[in-house]
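Student: here you go, sequence then predicted model.
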Amino acid sequence: MTTGYDLSEVDREKRMGGLGAETAREIRVIDLTDFENRRAEITEQLWTAATEIGFFQLSGHGIPQWQLDDAFARAAAFFALPESVKARYPLVKADNAGWESLSQVRPSIGVPDQKESYQITRPHMASLWPSEAELPGFVSAILDFEHRCWSVAMRVLSCFADRLGLPRDHFTAAHDPESEQYQSTLRLLHYFAVSEELRDVPGRWRAGAHTDFDCLTLLFQRDGQGGLQVCPGKEMGEQAWTSITPSSSLITCNIGDMLTRWSDDLLPSNFHRVRSPGRDEYQGERYSIAYFAQADRDAVIQGPRGVYPPVTAADFLAERVRANYRPRM
Ligand SMILES: O=C(O)CCC(=O)C(=O)O
Ligand SMILES: [Fe+2]
């Protein structure tokens, strides 16, 4: 077993900080309706979208619209708390839990993302939840939403397991919400409105180019709050980025580095970033929510063909988090 790993993903990321070009690409929408009866067809669609393009969107995912809207309303209420209150729930890096602001520095750009975020990782929240008085009903609503995300992610991962020749529940067993080792994370994100003095300042990103550390990311956005751009991993050399039209009802998915390793590189992780609005665009704030399906700390990541040495999900994640935040955090 290796301890840590060689961080080649970070080296790769450091080459992706430039502006690049823009290009149109097809982003497929895959309908999960009637999942159990349509599993074979859906599996084919997910596999080709994931391997040919990398990013895809889900409709028919079963999370009701009211619950998506409610999660965003609660996220906005959290970020609207006074700084002094949010500061009582600071990000604990080792646990991927808590609130941070302007502290995530992507290796690609070397300056902080223009955002704040609040991360929920179930086993580590004891002292990190806002109180009932501060935000009534927040904890139960967010935990319920997190569980709905888990269940969508596990459906998608079960299809990938089938195609990789692994037991169908291989990934589900490694993302066990009942385990103390669980480390999947729900992340509420708030990108700041662009102040007058920061407009047109080059080199500012809402989120610098990166791949995610996890197995699978579910990303929720809001109509009209654009900025997400993607660049399929296998085409990273060209640095041609495609803007994703935000949608309040679809889930945008991407593969993360953990699943790339676990699939012996068959499922590529994908670069993405959130650009700052241009001069003539909406300069207001932007919200998004991401669910990162990250295997439990004690899960051992190694693909069926053993292309990479085994590494625990705990070691894998710890190295990436260390490479991503200012030392003071
Ligand atoms: O906010 C977004 O649209 C993307 C967020 C993201 O890529 C991340 O937090 O890893
Ligand atoms: Fe991301």
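Tutor: Nice, thanks for sending it over. Ligands and ions are numbered 1, 2, ... in the order given.

Student: pLDDT of stretch 196-210, averaged?
Tutor: For stretch 196-210, mean pLDDT rounds to 77.

Student: longest helix in the protein, by residue count?
Tutor: helix 138-164 (DSSP state H).

Student: that one: which residues count as buried?
Tutor: Neighbour counts over helix 138-164 (16 or more other C-beta atoms under 10 Å) mark 138-139, 141-143, 145-146, 148-150, 152-164 as buried. Using the backbone N, CA and C atoms, a C-beta is placed for each residue, glycine as well.

Student: do stretch 105-123 as well
Tutor: Buried, per 16+ other C-beta under 10 Å, within stretch 105-123: 105-109, 112-123.

Student: which SS class is the spatially closest residue to residue 180 that is not a sequence neighbour?
Tutor: Using C-beta to C-beta, 6 or more residues apart in numbering and skipping residues adjacent in sequence, the residue nearest residue 180 is residue 123, 5.2 Å away. When classified by DSSP: H, G, I helix; E, B strand; the rest coil, residue 123 comes out as helix.

Student: quick one, grab the pLDDT at residue 123.
Tutor: Reading off the model, residue 123 has pLDDT 97.

Student: let me know how buried residue 238 is, in neighbour terms.
Tutor: Look at residue 238: counted by other C-beta atoms under 10 Å, it has 12 neighbours.

Student: list the contacts of it.
Tutor: 21, 231 (C-beta atoms under 8 Å, 6 or more residues apart in numbering).

Student: now swap in residue 86 and tell me
Tutor: 78-79, 99, 101, 116, 118.

Student: and with 6 Å instead?
Tutor: residue 99 (C-beta atoms under 6 Å, 6 or more residues apart in numbering).

Student: backbone dihedrals for it, please?
Tutor: phi -60, psi -30 (degrees, to the nearest 10).

Student: from residue 179, how far off is it?
Tutor: 28 Å (C-beta to C-beta, to the nearest Å).

Student: next: residue 67.
Tutor: Taking C-beta to C-beta, one finds residue 67 at 25 Å from residue 179.

Student: for residue 268, same thing?
Tutor: 28 Å.

Student: those two - which one has more neighbours?
Tutor: A count of neighbours by other C-beta under 10 Å puts residue 268 above the other of residue 268 and residue 179, at 22 against 16.
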